[in-house]
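**Q** pasting a predicted model and its sequence here:
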Number of protein chains: 2
Amino acid sequence: MTNKASAPPLGGKRRRKIGAPKVRLEEVAQEAGVSAATASRVLNNPSLVTKDLRDKVLKATSKLGYVADGAARALASRRSRVLGAVVPNLSNTIFSDMIEGFQQRLEPQGYTMLLATFNYDEAAECRSVRTMIERGVDGLVLVGVTHSKELELLLKSSGIPFVQTWAPARASGHPTIGYDNATAARLLVDHLVGLGHRDIGVVAGLTQHNDRVRARIAGLRAAMRRHRIPLPADRIVQTEYRIAKVREAFRVVQRKGELPTALIANNDIVALGLLLEAQAQGIRVPAQLSIVGVGDLEIVTHMKPPLTTVRSPKHTIGAMAADYLLARISGHDFAIPEELPLELVVRGSTAPPRMTRRKDTSA
Amino acid sequence: MTNKASAPPLGGKRRRKIGAPKVRLEEVAQEAGVSAATASRVLNNPSLVTKDLRDKVLKATSKLGYVADGAARALASRRSRVLGAVVPNLSNTIFSDMIEGFQQRLEPQGYTMLLATFNYDEAAECRSVRTMIERGVDGLVLVGVTHSKELELLLKSSGIPFVQTWAPARASGHPTIGYDNATAARLLVDHLVGLGHRDIGVVAGLTQHNDRVRARIAGLRAAMRRHRIPLPADRIVQTEYRIAKVREAFRVVQRKGELPTALIANNDIVALGLLLEAQAQGIRVPAQLSIVGVGDLEIVTHMKPPLTTVRSPKHTIGAMAADYLLARISGHDFAIPEELPLELVVRGSTAPPRMTRRKDTSA
DNA sequence: AGCCTCCTTGAAAGCGCTTTCTTTTTGGCG
DNA sequence: CGCCAAAAAGAAAGCGCTTTCAAGGAGGCT
């Protein structure tokens, strides 16, 4: 038994569905004995209409089962009540969390979300934004602060309100909501160095088209410099955010010489992969190797050992982006915090290094 | 430094952005020396226009940087080129994977996706669908085959094409794309029974508002019955899909008496939680306890032991839903397979039970 | 009492596009 | 060379709503 998509072709002639008589506002107005203008006002700005007529109109709408036509509305009012979100992907839970936060703020305001993913492909990102602009979104949330020239241009010429995310406000001339990756780096490095680590390795994400990774590496560099601890280039390895790839990256680190006493992962997915590979190899964490990440994903709490990490406000970033956009659209003020708070969560994956095996060169 | 959302209020008067002169099709037509009708045809149905004029119009559009107005388009043509997706959440990667699959098919066709999550709240689901219908989506993808009366009515009276997911086609009178949870259950039970297990426990999800969980439990029951193995009610425990909750559920199972020799988890998130709790308690998997799940999430391959699971076509479900909807909208045929294929992936978390500790009562 | 202002309501003009419906052009063929 | 059908282009009528704009009515104030 296979189900066919026969059904009336919508593309061809006029679309006219069975049992969908489509009530227009005009008819509602007639039913209520008022003009279309009044009916419209009841729906959009009730305070302009006396309670008397308001009730009549409301009664008529529900009686007739009126459903507004978004397109007509958008055309006449110049606002679509749709906000767009363009993110790299949804598999990385930091983005799906953020999107959930975003959407949850929109819903109560009667806004809906147009969503697109672009897999770190600049051209795809740009196409998505363009399509969204065509669809008439009232605002847009983007990830990161560096974009292709074309995208910049698109944004500027459309004049659409937009907000960037995952970077501190100062990172861009445009409104930006997020935390400072340098802060995250500092928290981690301070913790590790405080524990006595001097030989620290970094397993980063792919820096291409990802300014967050770049910022985090830069932050790491700065933090290490402050402690006068070297971070040679061969102590930094890049990887995709997939466990299998991360495990390979771990082996790459090993091939480069003796393992450092601590590994800083770009995020918790990476940290998880490192931990898993270490365990597979029988390397004891944290006794032989400390591992830290960023993000505080649900699962890392439950690993053995649980991961030390920096908790990041994934959900809040989305929610605040929504609040900002909504405020902006309605002409209200909204103060974007310079940076969102980050918190170091110390758990079992970090411990002082075994101070035995290596000359203690550094500073 | 705090960034303010000053900017011209869009809500108040006419929205007129600086540097956004907004080119209309009329102007493009003028530039190209043709009528607006012809320009429109070039954009929507190029074959109706001679190459000559077509080129002129195309040149004019790019010269003027024309961007179509989706609202006007939708109003005049009665199609929005937007498809809606309403899913429980995005934290469960089965849904984010599905959504990625969905969106990836849409993009090349010039369609965009309106997305809403409802957290297993029927009322919220219904509201989301209503809003999407107002926004004029051309089609809708839903999760599951049971909906509130109100939602059914909405769907019917709007006459919008829609497709349900995560159930086999036969599960509903409406088009449905997915696999059969009974099949998944059978694969798992057969495997476990084949290994020699007779005392099998189930850790399911919350059955409320989730027909997938109900179907899976029913499937489990049927499969066990076929093997003449009892599945008493106290061998079934429900849990939320959060690791901490799952671990609690594990303890609930323990409190109910001796642990079964195998535990069937509703999905891999649950299986993961069970594995983690077992390990925390020093219960050896699979020696003392076999654990299986459904979904084949990336991480479960990398656990120690790696999880035996049933691989489900998460991405395909989304992609096929998109294909179906797109076909339906353009009046083409699309054959929905009765059910999508499932594959048992046997890994290290299952083994024969230790046949020592219990009287072998059953059958 | 008279004038002016503010509050309600209705009439009607679009919003920017697609799509008939017509008109014009092209081309095939007797 | 002329006639007719078919193809290509244009004119214009909306799509369903919001929002001026104008009109009417109710008070408030001098």
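**A** All right, it came through fine.

**Q** use CA for all of it now, contacts and neighbours both
**A** Fine.

**Q** now do the nearest residue to A:Glu107 once chain neighbours are set aside, the pLDDT please.
**A** Spatial nearest neighbour of A:Glu107, chain neighbours left out: B:Ser128 (7.8 Å); criterion: C-alpha to C-alpha, 6 or more residues apart in numbering or on different chains. According to the prediction, B:Ser128 has pLDDT 95.

**Q** does B:Ser128 fall in a helix, a strand, or a coil region?
**A** helix (DSSP: H, G, I helix; E, B strand; the rest coil).

**Q** same deal with the one 3 residues further on?
**A** Secondary structure, three-state DSSP: B:Thr131 is helix.

**Q** isn't it right up against A:Met113?
**A** No: the pair B:Thr131 / A:Met113 is not scored as a contact, 10.6 Å apart, by C-alpha atoms under 8 Å.

**Q** neighbour count winner among those two?
**A** Neighbour count, other C-alpha atoms under 10 Å in any protein chain shown: between B:Thr131 and A:Met113, A:Met113 has more, with 26 against 21.

**Q** sec struct for that one, please.
**A** From three-state DSSP, the assignment for A:Met113 is strand.

**Q** likewise for the one 10 residues further on?
**A** Here A:Ala123 is helix, with the state taken from three-state DSSP.

**Q** now the closest residue in space to A:Tyr120 that isn't next to it in sequence: how far from B:His315?
**A** Using C-alpha to C-alpha, 6+ apart and skipping residues adjacent in sequence, the residue nearest A:Tyr120 is A:Pro88, 5.3 Å away. Using C-alpha to C-alpha, to the nearest Å, we find A:Pro88 at a distance of 17 Å from B:His315.

**Q** what of A:Phe102?
**A** Per C-alpha to C-alpha, A:Phe102 is found 23 Å from B:His315.

**Q** before we move on, back to that, contacting residues around the residue nearest to A:Glu107?
**A** Applying C-alpha atoms under 8 Å, 6 or more residues apart in numbering or on different chains to B:Ser128 gives the contacts A:107, B:86, B:116-118.

**Q** between which two of those residues is the distance greatest?
**A** Using C-alpha to C-alpha, the pair of the contacts of B:Ser128 lying farthest apart is A:Glu107 and B:Val86, separated by 12.5 Å.

**Q** those two - which one has more neighbours?
**A** B:Val86 (21 against 18).

**Q** show me what contacts the most centrally placed residue in chain A?
**A** In chain A, the residue lying closest to the centroid (C-alpha atoms, centre = their mean) is A:Phe95, at 3.8 Å. Shown in contact with A:Phe95 (C-alpha under 8 Å, 6+ apart): A:87-89, A:314.

**Q** go again with 6 Å.
**A** Contact analysis of A:Phe95 by C-alpha atoms under 6 Å, 6 or more residues apart in numbering or on different chains lists nothing.

**Q** go on, the one 3 residues further on?
**A** Residues touching A:Met98, when contacts are defined by C-alpha under 6 Å, 6+ apart, comprise A:314-315, A:318.

**Q** just the buried residues from the residues you listed, in PyMOL please.
**A** The buried residues among those can be selected in PyMOL (16 or more other C-alpha atoms under 10 Å in any protein chain shown) with this line:
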select buried, chain A and resi 314+315+318
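
**Q** just put the contacts of A:Met98 in JSON lines and tack on pLDDT, secondary structure and distance to B:Arg328.
**A** Shown next, in JSON lines, are those (pLDDT from 0 to 100; DSSP: H, G, I helix; E, B strand; the rest coil; distance: C-alpha to C-alpha, whole Å):
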{"residue": "A:Lys314", "pLDDT": "96", "secondary structure": "helix", "distance to B:Arg328": "37"}
{"residue": "A:His315", "pLDDT": "97", "secondary structure": "helix", "distance to B:Arg328": "36"}
{"residue": "A:Gly318", "pLDDT": "98", "secondary structure": "helix", "distance to B:Arg328": "34"}
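
**Q** which one of the contacts of A:Met98 sits closest to DNA strand C?
**A** A:Gly318 (30.6 Å; C-alpha to the nearest atom of the strand).

**Q** was I right about the closest one contacting A:Phe102?
**A** Yes: in this structure, A:Gly318 is within contact of A:Phe102 by C-alpha atoms under 6 Å, at 4.2 Å.

**Q** and the stretch 1-150 of chain A, which residues reach DNA strand C?
**A** Selection of the stretch 1-150 of chain A residues close to DNA strand C by C-alpha under 7 Å from any atom of the strand yields A:13-14, A:33-38, A:47-50, A:52-53, A:72, A:75-77.

**Q** which among those residues are in contact with chain B?
**A** Residues shared between those and the neighbourhood of chain B are A:72, A:75 [C-alpha under 6 Å from any C-alpha of the partner chain].

**Q** which among the residues of the stretch 1-150 of chain A next to DNA strand C end up buried?
**A** Buried among these by 16+ other C-alpha under 10 Å: A:34-36, A:38, A:53, A:72, A:75.

**Q** out of those residues, who's nearest DNA strand D?
**A** A:Ala72 (4.1 Å).

**Q** leaving out sequence neighbours, find the closest residue to that closest one.
**A** Closest to A:Ala72 by C-alpha to C-alpha, 6+ apart is B:Leu75, at 5.7 Å.

**Q** just the helices in chain A please.
**A** Here chain A has its helices, by DSSP state H, at A:25-32, A:36-44, A:51-64, A:70-77, A:93-106, A:122-134, A:149-158, A:181-195, A:211-226, A:243-255, A:268-280, A:314-329.

**Q** circling back to that earlier point, is it possible to get TSV of the contacts of A:Met98 that adds distance to chain B?
**A** Compiled in TSV, those are given as follows (distance: C-alpha to the nearest C-alpha, whole Å):
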residue	distance to chain B
A:Lys314	12
A:His315	11
A:Gly318	13
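
**Q** which of the contacts of A:Met98 lies closest to DNA strand D?
**A** Using C-alpha to the nearest atom of the strand, these come closest to DNA strand D at A:Gly318, 27.5 Å.

**Q** how many neighbouring residues does the residue in the stretch 151-300 of chain A that DNA strand C sits nearest to have?
**A** Closest approach between the stretch 151-300 of chain A and DNA strand C, counting by C-alpha to the nearest atom of the strand: A:Ser158, at 12.8 Å. Neighbourhood size, A:Ser158 [other C-alpha under 10 Å]: 20.

**Q** could you do A:Pro337 as well?
**A** Residues lying near A:Pro337 (other C-alpha under 10 Å) number 19.

**Q** same question, the one 4 residues further on
**A** Using other C-alpha under 10 Å, A:Pro341 has 14 other residues around it.

**Q** A:Ile99 too?
**A** A:Ile99: 31 neighbours (other C-alpha under 10 Å).

**Q** now do it, the pLDDT please.
**A** On pLDDT, A:Ile99 comes in at 98.

**Q** check A:Ala215 too.
**A** According to the model, A:Ala215 carries a pLDDT of 94.

**Q** so who does it touch?
**A** By C-alpha under 6 Å, 6+ apart, the neighbours of A:Ala215 are A:Asn181.

**Q** where in the stretch 251-363 of chain A is pLDDT low?
**A** A:355-363 (pLDDT under 70).

**Q** and the residue of it closest to DNA strand C?
**A** A:Ile329 (18.1 Å).

**Q** and that residue, how many neighbours?
**A** Counted with other C-alpha under 10 Å, A:Ile329 comes out at 23.

**Q** and it, how far is that from chain B?
**A** Per C-alpha to the nearest C-alpha, to the nearest Å, A:Ile329 is found 5 Å from chain B.

**Q** check A:Pro46 too.
**A** Computed as C-alpha to the nearest C-alpha, the A:Pro46 to chain B distance reads 16 Å.

**Q** could you report the neighbour count for that residue?
**A** Neighbours around A:Pro46, by other C-alpha under 10 Å: 15.

**Q** and chain A, which residues reach DNA strand D?
**A** Checking chain A against DNA strand D by C-alpha under 7 Å from any atom of the strand, the hits are A:22-26, A:36-41, A:43-44, A:67-70, A:72-78.
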